[in-house]
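**Q** dropping a prediction and its sequence here:
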Protein chains: 2
Amino acid sequence: MFDLGRFLPYLLNRAGARIATAFGGDVARYGVTLQMWRVLAALWHSGAQRLGDLAELTSIEVSTLSRLVGGMEAKGLVTRVRSDQDARVVTIDLTDDGRETTRRIIPLALHYEAVALDGLTGAEAEQLKELLRRVYANMAKLDEAERLSVGG
Amino acid sequence: MFDLGRFLPYLLNRAGARIATAFGGDVARYGVTLQMWRVLAALWHSGAQRLGDLAELTSIEVSTLSRLVGGMEAKGLVTRVRSDQDARVVTIDLTDDGRETTRRIIPLALHYEAVALDGLTGAEAEQLKELLRRVYANMAKLDEAERLSVGG
DNA sequence: TATTGTTATACTCTATAACTATA
DNA sequence: TATAGTTATAGAGTATAACAATA
């Protein structure tokens, strides 16, 4: 009637928690936390971002991210620049140091991914990722629907 | 060279964060937090558990769980009983109230799972869950290997 | 008035370690 | 000595709301 071992949110949380703990412990050796790595990876992949978009990309709350980025700025990993066109907007970008730190962490990240996917065929790995993207899209749709119903 | 959109830990965290935020906001209406729900669901599914096993089942740190269970005991959701055979061991179990609360939340949980899996075929959903189980097993194996190498 | 980001607050979670009591 | 659980502490994250600056 309710089988935890077949319950998607449980399986998702359980696998995610394991990877986060293992990888998070390891990136500490590079002087960054797991959340900082997420910011670095998002900026590396998508280029300079405004704070709101970076929050969306990293799944980190805006207020948390604002302080996190402040700390990363103090560490010299990122820059924070006010836009000329719209002075409300702040654009975050990697510094050379931030880029170098990210470059060094990437192999470690790929190693953990390889461990997580050990024993899966390439097709299975791709299938897993595709299904996770669809799950995410479903939840994002729900969020948007809620925002509209609250707003209207 | 590093595509975040195809990086498993990222996709896992992103999907998990969305579900956790959405579902966590909703279970609050039943007077419990998301972590409390995880404890309730684990006890419902697996029966009475000692604290250490419950921590493993829920992916919640032992020290966090100890205080969490204390709060749930105060709310009348669970009992904490010292073992007769081994007085170090504490067994946590649902109270009738805890069981009733869990029973009422389960349909909500299944609803969120259905939303997350919307548009996926039954076979795809099963495949996703199976692959998540394998990813978890891979990470658990890694953890165990590390524990042995540190211990020995 | 709405938007973007910052700051403040209170609460929760984690990680670590010290501690108690058992075994 | 090792194990099971509790408690203490400091550091991070979250949620909420108040706030400043700008549009």
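**A** That came in fine, so what should we check first? Numbers count the residues shown, from 1 in each chain, chains lettered A, B, ... in the order given.

**Q** how far away is the spatially closest residue to residue A:83 that is not a sequence neighbour from residue A:66?
**A** Leaving out its chain neighbours, the residue that sits closest to residue A:83 by C-beta to C-beta, 6 or more residues apart in numbering or on different chains is residue A:89, at 4.0 Å. All C-beta atoms are positioned from the backbone trio N, CA, C, and that covers glycine. Separation of residue A:89 from residue A:66 (C-beta to C-beta, to the nearest Å) stands at 13 Å.

**Q** next: residue A:28.
**A** In terms of C-beta to C-beta, residue A:28 sits 23 Å off from residue A:66.

**Q** more neighbours: which of those two?
**A** Between residue A:28 and residue A:66, counting by other C-beta atoms under 10 Å in any protein chain shown, residue A:66 is the more crowded of the two (15 against 12).

**Q** so the strand or helix carrying residue A:133, near DNA strand D or not?
**A** In this assignment (DSSP states H and E), residue A:133 forms part of helix A:122-151. No. Helix A:122-151 lies apart from DNA strand D when judged by C-beta under 7 Å from any atom of the strand; the minimum separation is 11.7 Å.

**Q** between helix B:122-151 and that helix, find me the angle.
**A** If you take axes from the mean of the first three to the mean of the last three C-alpha atoms, to 10 degrees, helix A:122-151 sits at 110 degrees to helix B:122-151.

**Q** which other helices and strands contact helix A:122-151?
**A** If contacts are counted by 3 or more C-beta pairs under 8 Å, 6 or more residues apart in numbering or on different chains; DSSP states H and E, helix A:122-151 sits against helix B:8-27, helix B:96-116, helix B:122-151.

**Q** and the last one, what's buried?
**A** When neighbours are counted by 16 or more other C-beta atoms under 10 Å in any protein chain shown, the buried residues of helix B:122-151 are found to be B:125, B:127, B:128, B:129, B:131, B:132, B:134, B:135, B:136, B:138, B:139, B:142.

**Q** which of those residues come close to DNA strand C?
**A** Okay, of the buried residues of helix B:122-151, nothing touches DNA strand C (C-beta under 7 Å from any atom of the strand).

**Q** what secondary structure does residue A:119 sit in?
**A** Each residue gets one of three states, and residue A:119 gets coil by DSSP: H, G, I helix; E, B strand; the rest coil.

**Q** quick check: the residue of chain A found nearest DNA strand D vs residue A:134, distance?
**A** With C-beta to the nearest atom of the strand, the shortest gap between chain A and DNA strand D falls at residue A:35, namely 3.1 Å. The gap separating residue A:35 from residue A:134 is 26 Å, by C-beta to C-beta.

**Q** now do residue A:3
**A** Relative to residue A:134, and taking C-beta to C-beta, residue A:3 is found at 22 Å.

**Q** cool, and residue A:37?
**A** In this view, residue A:37 and residue A:134 are 25 Å apart by C-beta to C-beta.

**Q** residue A:9 too?
**A** 15 Å.

**Q** now residue A:21
**A** 26 Å.

**Q** kindly report the same for residue A:19.
**A** In this view, residue A:19 and residue A:134 are 20 Å apart by C-beta to C-beta.

**Q** number of residues surrounding residue A:55?
**A** Other residues close to residue A:55 by other C-beta under 10 Å number 21.

**Q** and it, what helix or strand is that in?
**A** helix A:51-58.

**Q** give me the nearest residue to the residue nearest the centre of chain A, chain neighbours excluded.
**A** Centroid-nearest residue in chain A: residue A:58, 3.4 Å away (criterion: C-alpha atoms, centre = their mean). Take residue A:58 and drop its neighbours on the chain: the residue closest to it by C-beta to C-beta, 6+ apart is residue A:38, 4.5 Å away.

**Q** so the one you found lies in a helix, does it not?
**A** Yes. Assigned with three-state DSSP, residue A:38 falls within a helix.

**Q** that one against residue A:60, yeah?
**A** Yes. Contact criterion C-beta atoms under 8 Å: residue A:38 and residue A:60 qualify, at 6.7 Å.

**Q** look up the pLDDT of residue A:149 for me, please.
**A** Listed pLDDT for residue A:149 reads 65.

**Q** low-confidence ranges, chain A, go.
**A** Along chain A, the parts satisfying pLDDT under 70 run over A:147-152.
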